[in-house]
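Novice: Whatever this is, show me its structure:
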Amino acid sequence: MQTVTNYYYDNTIEVQFDFNNTCLVPDIPQKDRVVYTRPIQVYKGVTNILKVEIKNADQKPVDVTGHTLTFNVVEEYVFANANVVLTANVEPLNFANGTGYVSLAALDLVQLTDERYNYNVKISTCWGNVASYVDDNYGASGQLILVDSAYPVYPPNNLDLGNIGDTTVSAMYDFGNI
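Specialist: From the prediction side, this is the model:
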């Protein structure tokens, strides 16, 4: 007997953002850098849930209650005039502790044709839209890989096995009794 093991991991995006709710100028000292940032991998054909954690430079959760967070998927190959190809709101799990989630619906991912994209998280504050940092060098964009082979988007076509008497397309004629 064969055993198939499945794993379910949170697809977590760590976002670095220093801001206080008094609308003073934010100060982001560069001291505790994230050592390793992996690309986010999402799959066509299913809804993908991405967990978003907002932390400060000390890796402590940041209260983002009252702010609007937006997750954007951006074309990777265009740098001068990058186009946002998909956008979704970050829904709160516990904004007081800096956690939320993004739901990327299967129907929204069907329109995307490339394999690699960039993503960013934009935070709307009293200063306007403020950048947040999602990579290990205080960059505002991370990598997103779109996989379309794990869960096929379109169902397979019906296989025509022909009939037994037709020697040109019959599976019985070509392969014998199956």
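Novice: Quick check: bridge partners of Y43?
Specialist: V147 (DSSP bridges).
Novice: From one end of stretch 131-149 to the other, what's the distance?
Specialist: End-to-end distance of stretch 131-149 (C-alpha to C-alpha, to the nearest Å): 33 Å.
Novice: C-terminal to the lengthiest strand in the chain, which secondary structure element comes first?
Specialist: Across the chain, the longest stretch assigned as strand under DSSP state E is strand 116-125. Using DSSP states H and E, the helix or strand that follows strand 116-125 in sequence is strand 128-131.
Novice: Please identify the buried residues of that following strand?
Specialist: For strand 128-131, a neighbour-count test (16 or more other C-beta atoms under 10 Å) marks nothing as buried. In this view, the C-beta of every residue, glycine as well, is placed from N, C-alpha and C.
Novice: and it, what other elements does it pack with?
Specialist: Counting contacts by 3 or more C-beta pairs under 8 Å, 6 or more residues apart in numbering; DSSP states H and E, strand 128-131 packs against strand 116-125.
Novice: where does the chain dip in pLDDT?
Specialist: For the chain, the stretches with pLDDT under 70 are 1-10, 18-37, 78-80, 136, 153-178.
Novice: residue ranges of the helices in it, please?
Specialist: 106-109, 171-175 (DSSP state H).
Novice: Could you list the buried residues of the longest strand of the chain?
Specialist: Neighbour count says strand 116-125 has 117-123, 125 buried, by 16+ other C-beta under 10 Å.
Novice: how about CSV for those residues, with distance to L93 added?
Specialist: Putting the buried residues of strand 116-125 into CSV (distance: C-beta to C-beta, whole Å) gives the following:
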residue, distance to L93
Y117, 24
N118, 24
Y119, 19
N120, 20
V121, 14
K122, 18
I123, 16
T125, 20
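Novice: any idea how far T12 is from G100?
Specialist: 11 Å (C-beta to C-beta, to the nearest Å).
Novice: Overlap of the contact sets of those two?
Specialist: Common neighbours of T12 and G100, using C-beta atoms under 8 Å, 6 or more residues apart in numbering, are 51-52.
Novice: ok, the two, which is more surrounded?
Specialist: The residue with more neighbours, out of T12 and G100, is G100; 23 against 13, by other C-beta atoms under 10 Å.
Novice: before we move on, the earlier item: just the buried residues of strand 116-125 now: which is nearest A57?
Specialist: I123 (15.2 Å; C-beta to C-beta).
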